[in-house]
Structures are given as C-alpha cells and as structure tokens.
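K.L.:
sharing a model prediction with you, sequence too.
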Amino acid sequence: MKKRKHMIGAMAASVALAITALATAGSAAGAAPYPHCPGGKVCMWSEPHFQGARYDWSPDEGNVFLGKHGLADKVASFVATVDGCFQDSPPPGPGQWRKFRPNDWSADYAFGRQVDRIKPGC
C-alpha cells in the first residue's frame with residue numbers, strides 16, 4: 001500500500017511538471033515574433049533576425065537614402081508600425097518598390113538587399 005501511494009505521488013508530480021512545461025511553452029509561443037519598434041516608425045537592421053546596425057525611420061523624415069545610415073542594399077530585417085515604401089533606385093531611374101503597412105515585418109528580408117531608399121508612399 002505504501003509503495004502504491006509513493007508511485008501515485010510520483011505520477012502526480014510528473015503530470016504537474018508536464019502541465020507546467022506546456023503552459024510555459026504556450027506563453028513563449030504567444031510572444032512577439034520580432035522586437036519592439038516604437039509607434040510611427042519603421043525599424044530596420046543590417047543583419048537578419050533583427051541584428052546588426054539599426055535605423056528607425058518615420059514618415060516625417062520623407063524620402064531617405066539609406067546609405068547615410070549604412071543600410072543601402074543592406075536592409076536584412078525590419079518591423080513596420082506605419083505605412084511606407086522601400087525602393088530600389090538603380091541609375092538612371094527608379095527601380096522596383098515594395099509597400100509596407102503597420103505590423104509588416106521580416107526577419108530575413110530578401111528585397112532588402114536591393115533597397116536604397118525608404119519613403120512615405122510609393
């Protein structure tokens with residue numbers, strides 16, 4: 001009888017531990033998939049997964065050449081909290097562009113390897 005109670009206690013402890021692990025995993029899964037970016041900004045990084053040099057742009061800055069910030073052809077990840085446009089600007093004229101909206105983000109942005117400018121609209 002004593003041995004049986006001990007086994008039941010051990011099983012209950014295992015179940016409690018498993019429930020705790022699942023609850024913790026669930027809260028981690030609900031965490032934001034990207035870092036915080038202040039409202040009214042687009043946060044850009046020079047490396048994938050929000051690493052490297054960072055520049056926070058806001059629409060009131062207008063059309064900005066990203067070379068001044070070390071990010072021309074190097075926007076590897078971004079988080080947007082406003083509307084705007086990424087643009088590739090090869091000579092002699094404007095090239096491709098991509099709109100973004102609030103809550104758009106990428107941890108490894110392929111088009112960012114072409115982006116030279118950021119501006120409020122396309």
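P.N.:
Good, I have the coordinates.
K.L.:
any idea how far apart the tips of stretch 43-55 sit?
P.N.:
6 Å (CA to CA, to the nearest Å).
K.L.:
over to stretch 58-65?
P.N.:
13 Å.
K.L.:
what comes up buried for that stretch?
P.N.:
Ser58, Val64 (16 or more other CB atoms under 10 Å). In short, each C-beta sits where N, CA and C put it, glycine included.
K.L.:
what mean pLDDT does that stretch get?
P.N.:
For stretch 58-65, mean pLDDT rounds to 97.
K.L.:
quick one: that stretch to chain centroid distance?
P.N.:
20 Å (CA atoms, centre = their mean, to the nearest Å).
K.L.:
residues in contact with the spatially most central residue of the chain?
P.N.:
Taking CA atoms, centre = their mean, the centroid of the chain lies closest to Tyr34, which sits 3.5 Å from it. Contacts here follow CB atoms under 8 Å, 6 or more residues apart in numbering; on that basis Tyr34 touches Phe50, Ser77, Val79, Trp105, Ala107.
K.L.:
make it 10 Å
P.N.:
Applying CB atoms under 10 Å, 6 or more residues apart in numbering to Tyr34 gives the contacts Cys43, His49, Phe50, Ser77, Phe78, Val79, Asn103, Trp105, Ser106, Ala107.
K.L.:
and if you look at Tyr55?
P.N.:
By CB under 10 Å, 6+ apart, the contact set of Tyr55 is 41-46, 64, 66, 68-71, 75, 78, 118.
K.L.:
closest to Pro94 among those residues?
P.N.:
Ile118 (13.3 Å; CB to CB).
K.L.:
surely the closest one is within a strand?
P.N.:
Yes: if the criterion is DSSP: H, G, I helix; E, B strand; the rest coil, then Ile118 is within a strand.
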